[in-house]
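J.: output the structure for:
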Amino acid sequence: MDNNIKRKNGGINYLIRSKFKTIIIIIMIILAFSLGVIISKSNNTQVTSANKDNSSTKGQLDNSAPQDTIWTCAMHPQIRMNKPGKCPICGMELIPLESGTTAESNSRQLRMSETAKKIAQIQTTPVIRAFANSEIRMLGKISYDETKLAYITAWVSGRLDKLYADFTGISVSKGDPLVYLYSPQLLSAQEELIQAQKAKSTLARGSSILRSTADATFVSARMKLILYGLTEKQIDKILATSQTSDHLTIYAPIGGVVIHKNALEGMYVKPGTRIYTIADLSQLWVYFDAYESDLPWLQLGQQVTFTTLSSPGETFQATISFIDPILDPKTRTAKVRAIVDNKEGKLKPDMFVSGYVKSILNKNGEIVSNLNSDKLSQSQAPLLIPATAPLLTGKRAVVYIEIPNEEGPLFEGRVIVLGPRAGNYYIVKSGLYKGENVVTNGAFKIDAELQIQAKPSMMLPEGGGATGSLQQEPTDKTSALIKTTPVNSDKKESLKALNPKARQALTSLYDTYFQVHAALADDNLPKAKQEYDALKKNIGDIDMSLFGDFHQKWMSISDDIKNQATKGANAKDLEAARQVFLKLAKSIITLHDTFNHIGSQNFYLTFCPMVNNKKGTYWLQEVDTVYNPFYGKAMLRCGSIKDTLAPFKNEGE
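T.: Numbering: from 1, shown residues only. Model prediction:
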């Protein structure tokens, strides 16, 4: 019985423990669930808060994005807008301008990463101060020394009985006989001298007047023979022997070579007749051709070293004695004359030579006489940059320098003034300092990137407008005629004075002009030529008497339009037809500014900044949508409407 009671009590305890465990498990499950709900709510609250923060941040970014992003046109990088849209020139969709490589602090600067610099293969070289050495090479030709030429001429009329130098090229020495001349004039002149000598001796004891007269006669007779070509020695012989001769021997005044023989034996000659030309070849001239870019490196007194084909391996030295002040318009060269010694006779006139001059320039552009640059003061040396550094436009020289910067390579464009080129270097007159690093490879890539960003560059020195403004419009005479303000009262009165029939006659002319415009915008050359021809006929059909007091103005404008119409009708291609239209458009604008138009239709003054080598031009069209006649379908919408020109109306209309 006791055992039963124990087993019964044990079972009761077991049940109690089992129920207690179950209750504990249930409580733990409830607590776990409650804890999960609390954590979940906490997380949701945090996520919601984070989302709100993110949304706020995103909103701030979205609001700031349009302010940071600049929009530009791929075709016209000078266009820069602060919001997306279409290009006002060509109508293309604007694209965002990336600012990762810009340097906003300076519009001429461009920043790039080290990686981008390596990919673009940008190389720099420091600016140095050193003397500019240049070797100027020139081709030339040997010629006679004009100061060493002598002409043998007849000083008295007579007959050539004997020519001692009987062929061209013979060498003669000074004093050699050249000509034996017969002249009756010599005989009478010698008799006068002999008689004058006798009279002088006879009157030696006479009065002073007679003596002075005799002396003057004697001197005159002697001078007459000298003028006839006799030497002092020949005259003294005549006086000593009192014998006359009807022949005269002419002697060589210099030694040299007979380069021209102009007479033959037996010829009769007059005073001034050239018989021989003798050249002294012991000294010659060399004429070199120097290009105008080489002239700064040349000056009088410089030594020229040259060679000839006749003496291979041998060099000759000449001294520059003259630089021609006038340039040959055909070859664009100046003659440089040098004197060379030729006592050995190795050089011959008309030989071709090849020479060079070594020169050194200082910072003032002056040639240094001392060719040893090591002994020159470095303070007089100019700044030098490699010849590959500057970008030359014809008017300006642009270089890009690398500015030391911790944030990465930074390049800045700079306009400099260059001196002459010295081999592989340029002399810099201003714009750079010693030690600055100039870009010698990759400058075009930097310049192209600046152009894309509408910053000042080689081709666009003013850059593009930050607010999307176009290039500066032309300010020539034609643009000054554009009516951007209401017609003043004086002009309106003058227009009222014009015969209405004259203005009516211009209607067909305007219509034909608009047909030319439409054909060019459509790239239709045959149609354009046809309308050009029609325009020429329209001009001829207009009665000039209709213009009355405006006759002179009409004749001037109509002549211009007729000339352009004639050229357009004969144009061989679209480019030529469009070049004609460039001038025709100006004439039509002048016509409209003078006489206006009638009807109910407005005319539209249109401008394109890209035409005429980016100088821009205006034209008239009859619709308010741009139809570019200069680019046709390729850039049909390139341009903008600048003004609306209303038809002329009298008061009360």
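
J.: tell me which helix or strand in the chain has the weakest average pLDDT.
T.: helix 477-480 (a mean of 37; mean pLDDT, DSSP states H and E).

J.: enumerate every residue touching the closest residue to Ile561 other than its chain neighbours.
T.: Spatially, and ignoring its direct neighbours in sequence, Ile561 is nearest to Ser587 (4.9 Å; C-beta to C-beta, 6 or more residues apart in numbering). Every residue, glycine included, has its C-beta placed from N, CA and C. Counting by C-beta atoms under 8 Å, 6 or more residues apart in numbering, Ser587 makes contact with 557, 560-561, 564.

J.: most neighbours among those residues, which one?
T.: Greatest neighbour count in the contacts of Ser587, by other C-beta atoms under 10 Å, goes to Gln564: 24 neighbours.

J.: could I get the pLDDT score of it?
T.: pLDDT recorded at Gln564 is 92.

J.: which other helices and strands does whichever strand or helix holds it contact?
T.: Per DSSP states H and E: Gln564 is located in helix 551-569. Helix 551-569 sits against helix 500-521, helix 525-541, helix 574-595, with contacts defined as 3 or more C-beta pairs under 8 Å, 6 or more residues apart in numbering; DSSP states H and E.

J.: am I right that Leu163 is in contact with Val172?
T.: No - using C-beta atoms under 8 Å, Leu163 is not in contact with Val172; the gap is 11.9 Å.

J.: if I look at the two, which residues touch both of them?
T.: What both Leu163 and Val172 touch, as defined by C-beta under 8 Å, 6+ apart, is the set Leu178.

J.: how near is Ile170 to Leu281?
T.: 13 Å (C-beta to C-beta, to the nearest Å).

J.: now the host helix or strand of Thr115: mean pLDDT?
T.: Secondary structure assigned from DSSP H and E places Thr115 in helix 114-119. For helix 114-119, mean pLDDT rounds to 85.

J.: show me which residues of the helix or strand following that helix are buried.
T.: Per DSSP H and E, helix 114-119 leads on to strand 123-126 as the next helix or strand towards the C-terminus. By 16 or more other C-beta atoms under 10 Å, the buried positions in strand 123-126 come out as 123-125.

J.: and these as JSON lines, adding pLDDT and distance to Tyr251?
T.: Compiled in JSON lines, the buried residues of strand 123-126 are given as follows (pLDDT from 0 to 100; distance: C-beta to C-beta, whole Å):
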{"residue": "Gln123", "pLDDT": "92", "distance to Tyr251": "74"}
{"residue": "Thr124", "pLDDT": "93", "distance to Tyr251": "74"}
{"residue": "Thr125", "pLDDT": "94", "distance to Tyr251": "69"}
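
J.: where in this protein is pLDDT low?
T.: The model of the chain has pLDDT under 70 over residues 1-68, 77-78, 97-107, 369-376, 463-497, 650-653.

J.: where along it do the helices fall?
T.: Using DSSP state H, the helices assigned to the chain run over residues 2-68, 114-119, 184-202, 208-227, 232-241, 443-452, 477-480, 489-497, 500-521, 525-541, 551-569, 574-595, 611-614.

J.: which residues touch Lys527?
T.: Counted by C-beta under 8 Å, 6+ apart, Lys527 has contacts 515, 519.

J.: centre of the chain to stretch 117-125, how far?
T.: 28 Å (C-alpha atoms, centre = their mean, to the nearest Å).

J.: can you give me the end-to-end distance of that stretch?
T.: One end of stretch 117-125 sits 15 Å from the other (C-alpha to C-alpha, to the nearest Å).

J.: got it, and stretch 145-161?
T.: End-to-end distance (C-alpha to C-alpha), stretch 145-161: 31 Å.

J.: how much space separates the closest residue to Ile360 other than its chain neighbours from Lys358?
T.: The spatial neighbour of Ile360 that comes closest, neighbours along the chain excluded (C-beta to C-beta, 6+ apart), is Val368 at 4.3 Å. When distance is defined by C-beta to C-beta, Val368 is 11 Å away from Lys358.

J.: neighbour count winner among these two?
T.: With neighbours defined as other C-beta under 10 Å, Val368 and Lys358 compare such that Val368 has more, 17 against 14.

J.: what's the spacing between the spatially most central residue of the chain and Leu309?
T.: Centrality entry for the chain: nearest residue to the mean C-alpha point is Gly394, 3.3 Å, by C-alpha atoms, centre = their mean. According to C-beta to C-beta, Gly394 stands 39 Å off from Leu309.

J.: quick revisit: isn't the residue nearest to Ile360 up against Phe131?
T.: Yes - counting by C-beta under 8 Å, Phe131 is a contact partner of Val368 at 7.0 Å.

J.: number of residues surrounding Glu344?
T.: As a burial measure, Glu344 scores 7 neighbours (other C-beta under 10 Å).

J.: what bridges to Thr333?
T.: Thr333 forms beta bridges with Tyr291, as assigned by DSSP bridges.

J.: so what's the residue count around it?
T.: 18.

J.: residues contacting it?
T.: So Thr333 contacts 289-292, 327 (C-beta under 8 Å, 6+ apart).

J.: quick one, which of those residues are buried?
T.: Buried members of the contacts of Thr333, counted by 16+ other C-beta under 10 Å: 289-290.

J.: got a markdown table for the contacts of Thr333, with distance to Met544 too?
T.: Conversion of the contacts of Thr333 to a markdown table gives the following (distance: C-beta to C-beta, whole Å):
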| residue | distance to Met544 |
| --- | --- |
| Asp289 | 57 |
| Ala290 | 58 |
| Tyr291 | 55 |
| Glu292 | 52 |
| Leu327 | 49 |
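
J.: which of the contacts of Thr333 sits closest to Gly632?
T.: Glu292 (41.8 Å; C-beta to C-beta).

J.: measure the nearest residue to Arg332 once chain neighbours are set aside to Ser359 for me?
T.: Computed as C-beta to C-beta, 6+ apart, the closest residue to Arg332 that is not its neighbour in sequence is Glu292, at 6.0 Å. Distance from Glu292 to Ser359, counting by C-beta to C-beta: 15 Å.

J.: now swap in Ala576 and tell me
T.: Ala576 is 48 Å from Ser359, by C-beta to C-beta.

J.: who has more neighbours, those two?
T.: Neighbours were tallied for Ala576 and for Ser359 using other C-beta under 10 Å; the higher tally belongs to Ser359 (22 against 14).

J.: the inter-axis angle of the helix holding Gln564 versus helix 574-595?
T.: 160 degrees (axes from the mean of the first three to the mean of the last three C-alpha atoms, to 10 degrees).

J.: and helix 551-569, C-alpha only, in PDB?
T.: Coordinates of each C-alpha in helix 551-569 appear next as PDB, following Å, rounded to 0.1, in the frame of the first residue of the first chain:
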ATOM      1  CA  HIS A 551      18.800 107.100-109.600                       C
ATOM      2  CA  GLN A 552      22.400 107.100-108.500                       C
ATOM      3  CA  LYS A 553      21.800 104.900-105.500                       C
ATOM      4  CA  TRP A 554      19.900 102.400-107.600                       C
ATOM      5  CA  MET A 555      22.600 102.300-110.300                       C
ATOM      6  CA  SER A 556      25.300 101.600-107.800                       C
ATOM      7  CA  ILE A 557      23.300  98.800-106.000                       C
ATOM      8  CA  SER A 558      21.900  97.300-109.200                       C
ATOM      9  CA  ASP A 559      25.400  97.100-110.800                       C
ATOM     10  CA  ASP A 560      26.600  95.100-107.800                       C
ATOM     11  CA  ILE A 561      23.700  92.800-107.900                       C
ATOM     12  CA  LYS A 562      24.000  92.300-111.600                       C
ATOM     13  CA  ASN A 563      27.700  91.500-111.300                       C
ATOM     14  CA  GLN A 564      27.100  88.900-108.600                       C
ATOM     15  CA  ALA A 565      24.200  87.400-110.500                       C
ATOM     16  CA  THR A 566      26.400  87.000-113.600                       C
ATOM     17  CA  LYS A 567      29.100  85.200-111.500                       C
ATOM     18  CA  GLY A 568      26.500  83.000-109.900                       C
ATOM     19  CA  ALA A 569      25.100  81.900-113.200                       C
END
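
J.: quick one: contacts of it?
T.: Contacts of helix 551-569 (C-beta under 8 Å, 6+ apart): 502, 509, 516, 528-529, 532-533, 535-536, 539-540, 542, 544-545, 547, 577, 580-581, 583-584, 587-588, 590-591, 594-595.

J.: that'll do, ta.
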